[in-house]
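In: fold the following.
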Amino acid sequence: MPIAEVNAPVDAPRGLAGVIVTETQLGDVRGAEGFYHYRQYSAVELAAARSFEDVWYLMFHGELPDAAQLAAFRAETAALRAVPAPVREALPALARAGTRSGPLAGLRTALSLLGATAGFRPLYDIDADRRRTDALAVCAAVPTLMTALHRLGRGLQPVEPRSDLGHAANYLYMLTGEEPDQERVRAIEAYLISTIDHGFNASTFTARVIASTGADLAACLVGAVGALSGPLHGGAPSRALDMLDEIGIPDRIDSWVRDSIQRGDRIMGFGHSVYRTEDPRSRMLRGVAERFGGPLVDFAVQVEARVEALLAELKPGRELHTNVELYAGVVMELCGLPREMLTPTFCAARVVGWSANILEQAEDSKIIRPAARYVGPPPPQPLPAVASR
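Out: As a prediction, this is how the structure comes out:
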């Protein structure tokens with residue numbers, strides 16, 4: 001029998017930029033237009049008009065729920081917020097270990113323990129209903145895990161979840177111990193919805209690669225959280241706020257920005273690998289911030305205008321606009337979230353998008369296995385003689 005011909009390698013751009021690796025029904029990012037969507041709906045319109053649970057249901061089921069379906073889904077997911085006793089008992093040690101690295105480091109271990117405690121089996125070995133059950137359990141538990149790790153790391157007791165609060169309100173309640181006002185709930189809910197999914201970003205692609213091996217759902221999500229923790233992915237909102245602090249006053253904007261550009265430093269909160277127009281998430285969150293008003297918002301708007309003008313002057317021909325991080329950081333700061341919880345809050349939303357992608361990938365039995373171009377010394381080289389002993 002002849003040996004099957006190996007597929008000829010295909011050159012791809014660095015970072016796989018623009019390479020289509022599969023088909024999806026979950027959504028898309030159209031960078032040239034400044035538009036992205038979840039299934040058939042504008043993600044920004046969903047963030048402005050619907051609840052987090054509405055969009056969670058959409059991502060898992062392909063349609064928006066009616067009133068009865070939404071009520072049932074809210075009850076189902078709220079009942080899954082508490083974490084199993086073995087996981088709860090491990091959280092103080094994880095919080096102590098992650099004092100410097102923050103809640104995402106503890107979350108990786110907690111997710112592994114949650115999967116083991118709940119008896120998650122490989123995606124390859126279970127049916128679609130069981131996969132959905134596992135995914136719902138993890139998505140509901142992640143906010144509980146993260147807020148508990150944060151509070152324990154600061155010597156505070158975790159706050160138990162409340163089933164009578166919506167997803168966003170319950171998250172803020174577990175974080176602060178106080179029931180939040182409606183203005184802050186809606187602001188955080190709009191942010192959470194806007195970050196549920198965003199094409200094949202690094203963490204989503206990581207989750208799908210692991211899912212393609214047939215691994216269990218917790219393993220897929222641990223990989224996604226690891227990818228998200230990098231400062232070039234989910235770690236930028238707090239860095240954008242740090243930038244505003246460093247600039248300090250309007251009179252320093254131009255000199256600070258010019259110096260940063262001339263040094264070749266990246267200006268956090270600006271530029272995106274996909275968008276060549278204004279990031280629609282930034283536009284939406286700027287509106288949320290402006291409804292709060294105040295000195296921080298005014299300063300952020302001034303910085304945005306001057307940075308974009310100076311980038312156009314010093315880097316002509318490049319389309320560099322604000323991305324989601326600048327105003328995400330501003331909105332979360334206005335809502336009282338500590339800076340070390342900005343990326344974990346992103347994670348509280350993105351876990352739904354990751355899980356929807358994992359469920360979709362699990363329907364395809366083809367493992368993701370790309371190739372690399374070898375650029376080392378030409379093989380085979382003769383082996384050197386073994387040194388005498």
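
In: so where's this structure shaky on pLDDT?
Out: For the chain, the stretches with pLDDT under 70 are 1-7, 99, 234-237, 271-273, 275-276, 317, 319, 389.

In: could you list the domains of it?
Out: 36-230+346-361, 236-334 (automatic domain parsing).

In: just the CA coordinates of the helix or strand hosting Asp259, formatted as CSV?
Out: For Asp259, the host element (DSSP states H and E) is helix 253-263. C-alpha atoms of helix 253-263 as CSV (Å, rounded to 0.1, in the frame of the first residue of the first chain):
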residue,chain,number,x,y,z
ILE,A,253,0.0,64.8,27.6
ASP,A,254,2.0,65.9,24.5
SER,A,255,5.4,65.6,26.0
TRP,A,256,4.7,62.2,27.6
VAL,A,257,3.2,60.8,24.4
ARG,A,258,6.0,62.2,22.2
ASP,A,259,8.7,60.7,24.4
SER,A,260,6.9,57.4,24.5
ILE,A,261,6.5,57.2,20.8
GLN,A,262,10.1,58.2,20.2
ARG,A,263,11.4,55.5,22.6
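
In: show me what the following helix or strand past that helix is packed against.
Out: With elements assigned by DSSP H and E, the helix or strand that comes after helix 253-263 is helix 280-292. Contacts defined by 3 or more Cβ pairs under 8 Å, 6 or more residues apart in numbering; DSSP states H and E place helix 280-292 against strand 35-38, helix 43-49, helix 182-194, helix 295-314, helix 324-334. For the C-beta atoms, the positions are set from N, CA and C on the backbone; glycine is no exception.

In: relative to Ala128, which of these is closest?
Out: Closest to Ala128 of the helices and strands packed on helix 280-292 is strand 35-38 (Cβ to Cβ; 20.0 Å).

In: what does that closest one contact?
Out: 26-30, 42-44, 46, 55, 58-59, 196-199, 280-281 (Cβ atoms under 8 Å, 6 or more residues apart in numbering).

In: pull out the buried positions in it.
Out: Neighbour counts over strand 35-38 (16 or more other Cβ atoms under 10 Å) mark 36-38 as buried.

In: on that earlier part again, Leu383: which of the domains of the chain is closest?
Out: Once these are compared by Cβ to Cβ, domain 36-230+346-361 is nearest, at 34.0 Å.

In: now the helices and strands packed on helix 280-292 in a markdown table, with distance to Thr345?
Out: Converted to a markdown table, the helices and strands packed on helix 280-292 look like this (distance: least, Cβ to Cβ, whole Å):
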| stretch | distance to Thr345 |
| --- | --- |
| strand 35-38 | 19 |
| helix 43-49 | 15 |
| helix 182-194 | 7 |
| helix 295-314 | 18 |
| helix 324-334 | 6 |
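
In: if you compare the ones you listed, which one is most tucked away?
Out: Ranked by mean neighbour count, the helices and strands packed on helix 280-292 are led by helix 324-334 with a mean of 26 (mean count of other Cβ atoms under 10 Å).

In: next, count neighbours for the residue nearest to Pro180 when sequence neighbours are not counted.
Out: In space, not counting the residues next to it along the chain, Pro180 is nearest to Leu172; the distance is 4.1 Å by Cβ to Cβ, 6 or more residues apart in numbering. Number of residues near Leu172 (other Cβ atoms under 10 Å) recorded here: 25.

In: cool, and Asp129?
Out: For Asp129, using other Cβ under 10 Å, the count is 8.

In: and it, how far from Lys366?
Out: Distance of Asp129 to Lys366, given as Cβ to Cβ, to the nearest Å: 22 Å.
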